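Chemist: from the sequence below, what's the structure:
(chains A and B)
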Amino acid sequence: MNASAQKPDRTRVRFLQGNEVCAEAALYAGMRYFAGYPITPSTEIAERLAERLPQVGGSFMQMEDEIGSICAVIGASLAGTKSMTATSGPGFSLMQEAIGYAVMAEIPCVIVDVQRGGPSTGLPTHASQGDVMQVRYGTHGDHSIVCLTASNHQDLFGIVVDAFNFSEIFRTPAVVLIDEVVGHMREAVDVPAPGELDLTERLLTDVPRDVDYHPYAPREDDRLPMSNFGGVHRYNVTGLVHDMWGFPSEKPTIVNDLIHHLYLKLENRKRMLTRWREWSLDDAEIVLISYGSSARSARHIMENRRSVGVPIGMIELQTLWPFPSELIRARCRNAEYVVVVEMNMGQIVHEVKRAVDRPERVFLSNRVDGEMITPTDIKHLIRVIQGKGV
Amino acid sequence: MIERFVLSGTGGQGVITAAIILAESALYHTEYNAVQTQVYGPEARGGSARSDVIIADREILFPKVLEPNVLVCLSQMAYDRYCSLVRPGGVVITDPHYVKRWQHASSRHVEVPLHDTAMRELGSTQAINICLLGALVRLIPIVPLDGVRDVVSRRFPERFRAANSAALDLGAGLVQESVTTF
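Modeler: Residues are numbered from 1 along each chain as shown, chains lettered A, B, ... in the order given. Modelled structure (predicted):
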């Protein structure tokens, strides 16, 4: 459960920034096209890929802005290449319209959002986790989306690979949501050997040329075999509600089926999509729930309090969307208090309250001044909840 | 064992590069774990620069340094800002060319004349961060000097190898004995 605690294998360990890990993991996953517009604190992803992609036969394009970047990524992916872009909050806002297009047209792509302080241009070089809800609801219309995160570089490597796999399996945009601390921090990462992590390649149709191909007819498992755009099949791709050929339709049954498909293909598969870690929950009266860099502080204080006999445990979420409500409900059943640790005014805390019975047990431990939340910040809140004062 | 470093100075001096090399040396040449973070400012040169390094024999969770055992200041502004953070029993390392020190009862103060020595022996302060690393690992012997030498030689182009190696030895030569900080 806790791979990061193991000593890294020094023969293949590398000392990298989180952003560099994102770049290397994307290459490992088979990403061969990146279009982006550099923005702090995500710039090192573009910087590294500008160097690395040509070395592996891929393409790097610096675009005129973030709108161009995500659109180029969607086009490259539709044509058959695993593609990615990376940005931060301001750029992520600009991408929302095209992310909705990728959701509707079911085009796999990966977007890394290295969060910084907001709103607007906000705090470019400081830590925040304010984009969690934007990932889920930033683009309009009913849909679901995949959002993964990590608190350490070893997990981050695997999470980026997972994002590409989920994106291919479900033909959906997948967002890797990290924050300034994880993006800029350097620590050891044991880079997996080729073949060590499972990779999902694109599911291509076996319908031959000149035979009627239905690009938007889901199989029973909700997957849709693709045909590289510009290849052997001619088909329509649109942001409008469409039928199984991809042509616009306003027929209520078709609309109804498509919206259900877009939503349920992910929401019905939380078991497969949920990544998490947990510590010391068996007898925990206090359960901490955290994610991203905040989870490092949460685990720090959890270990510290455990060592003096406080019955405290922790869940670190790595899948934020679709939200693993059943997991949270089950794990928090016996807790006296649930403390959600995040660097925003309360985003995941609302999902936790919706998931658990007796939501009055749920408290928020947060920090929004651009500084990373500290173990002491969390300890103080726990003491206040316990009626002990700080 | 856990050692918390803050390396601070002015943008352009290379303190952040020195911090990265220190952490990387610990990772590759000791059995310890290492984590490095830095405070980013919008400026590339002339502004303040600070980088935190934690080296420990266990998993490092909280990656920032709130109270360093070892504080390096290569500018007056950094010294004035961070001096009070040092843990009791910790050590503050400054260069008298840059920093006019004030008294501190709870920490030790080591002055290392990096600037003047580098100007005299090397003719410039370009490698002052490498000199600093030499002095630092002699003072706090957590990483072998040759481990740092190895990481430095792999980080920079071949043509700088001899000069950097000399700078490292020059810095190490400025420190007579090591100190214990915990």
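
Chemist: what comes up buried for stretch A:65-83?
Modeler: By neighbour count on 16 or more other C-beta atoms under 10 Å in any protein chain shown, the buried set for stretch A:65-83 is A:66-78, A:80-83. From N, CA and C alone the C-beta is placed, and that goes for glycine too.

Chemist: packing partners for the longest helix anywhere in chain B?
Modeler: Across chain B, the helix with the greatest residue count (assigned by DSSP state H) is helix B:15-29. Using 3 or more C-beta pairs under 8 Å, 6 or more residues apart in numbering or on different chains; DSSP states H and E, the elements in contact with helix B:15-29 are strand A:13-17, strand A:186-190, strand B:2-10, strand B:33-39, strand B:48-56, helix B:128-139, helix B:145-155.

Chemist: send the alpha carbons of the fourth one over as PDB?
Modeler: What that stands for is strand B:33-39. Only the C-alpha atoms of strand B:33-39 are listed here, as PDB (Å, rounded to 0.1, in the frame of the first residue of the first chain):
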ATOM      1  CA  ASN B  33      16.400  10.400   1.300                       C
ATOM      2  CA  ALA B  34      16.400  14.000   0.100                       C
ATOM      3  CA  VAL B  35      13.800  16.500  -0.900                       C
ATOM      4  CA  GLN B  36      14.400  20.000  -2.400                       C
ATOM      5  CA  THR B  37      11.900  22.800  -2.700                       C
ATOM      6  CA  GLN B  38      12.400  26.500  -3.500                       C
ATOM      7  CA  VAL B  39      10.600  29.700  -3.100                       C
END
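
Chemist: do me a favour and get the end-to-end distance for stretch B:111-129?
Modeler: Taking C-alpha to C-alpha, to the nearest Å, the first and last residues of stretch B:111-129 lie 15 Å apart.

Chemist: what does it contact?
Modeler: B:13-15, B:17-18, B:74, B:93-98, B:101, B:131-132, B:135, B:163-164, B:166-167, B:170-171, B:174-175 (C-beta atoms under 8 Å, 6 or more residues apart in numbering or on different chains).

Chemist: okay if I get the helices and strands packed on helix B:15-29 as CSV plus distance to A:Tyr28 and mean neighbour count?
Modeler: Below are the helices and strands packed on helix B:15-29 laid out as CSV (distance: least, C-beta to C-beta, whole Å; neighbours: other C-beta atoms under 10 Å in any protein chain shown):
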stretch, distance to A:Tyr28, mean neighbour count
strand A:13-17, 12, 21
strand A:186-190, 11, 25
strand B:2-10, 32, 24
strand B:33-39, 23, 23
strand B:48-56, 27, 23
helix B:128-139, 32, 26
helix B:145-155, 23, 18
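
Chemist: can I get those in CSV including distance to B:Ser106 and mean pLDDT?
Modeler: Compiled in CSV, the helices and strands packed on helix B:15-29 are given as follows (distance: least, C-beta to C-beta, whole Å; pLDDT from 0 to 100):
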stretch, distance to B:Ser106, mean pLDDT
strand A:13-17, 33, 96
strand A:186-190, 30, 97
strand B:2-10, 16, 96
strand B:33-39, 24, 94
strand B:48-56, 20, 95
helix B:128-139, 18, 97
helix B:145-155, 29, 97
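
Chemist: wait, which of these is closest to A:Gly239?
Modeler: Nearest to A:Gly239 among those is strand A:13-17 (35.8 Å), distances taken as C-beta to C-beta.

Chemist: which bits of chain A sit near chain B?
Modeler: Within chain A, the positions near chain B by C-beta under 8 Å from any C-beta of the partner chain are A:4-5, A:7, A:10, A:13, A:15, A:40-41, A:124-125, A:181, A:184-188, A:293, A:296-297, A:299-300, A:303, A:372, A:374-375.

Chemist: can you flag the buried ones in those residues?
Modeler: Buried by 16+ other C-beta under 10 Å: A:4, A:13, A:15, A:40-41, A:124-125, A:181, A:184-188, A:293, A:296-297, A:299-300, A:303, A:372, A:374-375, out of the residues of chain A next to chain B.

Chemist: show me these that map onto helices.
Modeler: In this view, those that belong to helices under DSSP H are A:181, A:184, A:296-297, A:299-300, A:303, A:375.

Chemist: as CSV, those with pLDDT would be great.
Modeler: Output for these, formatted as CSV (pLDDT from 0 to 100):
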residue, pLDDT
A:Val181, 97
A:His184, 96
A:Arg296, 98
A:Ser297, 98
A:Arg299, 98
A:His300, 98
A:Glu303, 97
A:Pro375, 98
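
Chemist: ok and the residue in the stretch 251-390 of chain A nearest chain B?
Modeler: At 4.0 Å from chain B, A:His300 is the closest residue in the stretch 251-390 of chain A, using C-beta to the nearest C-beta.

Chemist: just checking, that residue touches B:Phe62?
Modeler: Yes - counting by C-beta atoms under 8 Å, A:His300 touches B:Phe62, with 4.5 Å between them.

Chemist: now the common contact residues for those two.
Modeler: A:Pro375.

Chemist: pLDDT below threshold where in the chain?
Modeler: All of this refers to chain A. Across chain A, the ranges flagged by pLDDT under 70 are A:1-11.

Chemist: my bad, chain B
Modeler: Scanning chain B for pLDDT under 70 picks out the ranges B:41-46, B:104-105, B:181-182.

Chemist: quick one: name the residues of it near chain A.
Modeler: Residues of chain B lying near chain A by C-beta under 8 Å from any C-beta: B:20, B:23-24, B:27-28, B:31, B:33-42, B:59-64, B:66.

Chemist: ok, now which ones touch residue 88?
Modeler: You didn't say which chain, so I picked chain A. Shown in contact with A:Ser88 (C-beta under 8 Å, 6+ apart): A:39-42, A:113-116, A:124.

Chemist: switch to chain B, that's the one I care about
Modeler: Counting by C-beta under 8 Å, 6+ apart, B:Pro88 touches B:106-107.

Chemist: distance of it from B:Arg108?
Modeler: 10 Å (C-beta to C-beta, to the nearest Å).

Chemist: buried subset of the contacts of stretch B:111-129?
Modeler: Here, 16+ other C-beta under 10 Å leaves B:13-15, B:17-18, B:74, B:93-95, B:97-98, B:131-132, B:135, B:164, B:166-167, B:170-171, B:174-175 buried among the contacts of stretch B:111-129.

Chemist: what helix or strand is the spatially closest residue to B:Val152 that is not a sequence neighbour on?
Modeler: Spatially, and ignoring its direct neighbours in sequence, B:Val152 is nearest to B:Asn164 (5.0 Å; C-beta to C-beta, 6 or more residues apart in numbering or on different chains). Using DSSP states H and E, B:Asn164 maps to helix B:161-172.

Chemist: and the angle from that helix to helix B:128-139?
Modeler: For helix B:161-172 against helix B:128-139, the angle by axes from the mean of the first three to the mean of the last three C-alpha atoms, to 10 degrees is 50 degrees.

Chemist: run the angle between helix B:161-172 and helix B:145-155 for me.
Modeler: Here the directions of helix B:161-172 and helix B:145-155 differ by 150 degrees (the same axes, to 10 degrees).

Chemist: and helix B:161-172, C-alpha only, in CSV?
Modeler: C-alpha atoms of helix B:161-172 as CSV (Å, rounded to 0.1, in the frame of the first residue of the first chain):
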residue,chain,number,x,y,z
ARG,B,161,34.9,20.2,-14.6
ALA,B,162,38.4,21.1,-13.5
ALA,B,163,37.3,24.6,-12.5
ASN,B,164,34.4,23.4,-10.5
SER,B,165,36.5,20.7,-8.8
ALA,B,166,39.0,23.4,-7.8
ALA,B,167,36.2,25.7,-6.5
LEU,B,168,34.8,22.8,-4.4
ASP,B,169,38.2,22.2,-2.8
LEU,B,170,38.7,25.9,-2.3
GLY,B,171,35.5,26.1,-0.4
ALA,B,172,36.3,23.0,1.7
